[in-house]
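> sequence first, then the predicted structure, then my questions.
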Amino acid sequence: MRVRDQRGVVYPSPVVILSIIAVAMAAVAFFATQGSEPTEREITPIAREEASPSPSATPEADETTEPAEPEKTKKPKPAVERSAVYVEVYNNSSISGLAAEAGASASDVGWQVVGTDNWYGTVPATTVYYPAGLKREGELLALDLGVDRTMPAVGVMKPDRLTLILTAPLS
C-alpha cells in the first residue's frame, strides 16, 4: 500500500503570473524600440542661428552661378486706423444707458461709433463680434475697451462693421 504525503503541487498566485507577464512585455517593448531614432528634435532659436558662423563660399567657386536671392522679410501689417472702422454698440443687460456709455468710451479712443441700441437675444458675456476681414480691428477694439471675448460675426450683424454687445459695464 502506498502512503500519501501532505505535499502537493503548488501553483503560483495570480499576482506572480501577472508580474511575470508584465516583465516579459516590457522586455519585448525594450528590444522592439532598440535603435529607433528619438522622436524629439532640437529647436534652435533664430538668435542662435544668426550668431553661429555660416559656411563661406570658396574662392574657387564657379563664377557663372547666380547670386543668392535676398531673404524675403515680412512687411509689418499697417496700423489699424480706428476712425475708419464702423462700430455698433448694443446693450444686452438691464442697465439703462450702458450702450451709450460704452459707445462714448469707444469714440474717445478713436473708433467711429455709428449706433447704439438694445440687443434682444442671449449673449453669455460682453463680446466684440467682427466680420470676415476685420478680425485685427475687432481684437484691437476689445483690447481698447477691456473686453475679454471676441467672436466672428453671426446672423443679422452687418458685414462692414464691428458689433459690441454688452452684458455688464466695461471695467
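Good, I have the coordinates.
> for the protein, longest helix please?
Secondary structure of the chain per DSSP state H: the longest helix is helix 14-32.
> V113 reaches A106, doesn't it?
Yes. Under the criterion of Cβ atoms under 8 Å, V113 makes contact with A106 at 5.2 Å. C-beta coordinates here come from the backbone N, C-alpha and C atoms, glycine included.
> can you list residues touching both of those two?
Shared between the contact lists of V113 and A106 (criterion: Cβ atoms under 8 Å, 6 or more residues apart in numbering) are residues V87, V89.
> just to revisit the earlier point, give me the helices and strands touching the longest helix of the chain, please.
Of the remaining helices and strands, none touches helix 14-32 by 3 or more Cβ pairs under 8 Å, 6 or more residues apart in numbering; DSSP states H and E.
> please identify the buried residues of it?
The neighbour-count criterion (16 or more other Cβ atoms under 10 Å) identifies no buried residues in helix 14-32.
> Q112: neighbour count?
The burial metric for Q112, expressed as a neighbour count using other Cβ atoms under 10 Å, is 15.
> in terms of pLDDT, where does it sit?
Predicted confidence (pLDDT) for Q112: 94.
> contacts only, for it.
Taking Cβ under 8 Å, 6+ apart as the contact definition, Q112 lies against R82, S83, A84, V85, Y86, V87.
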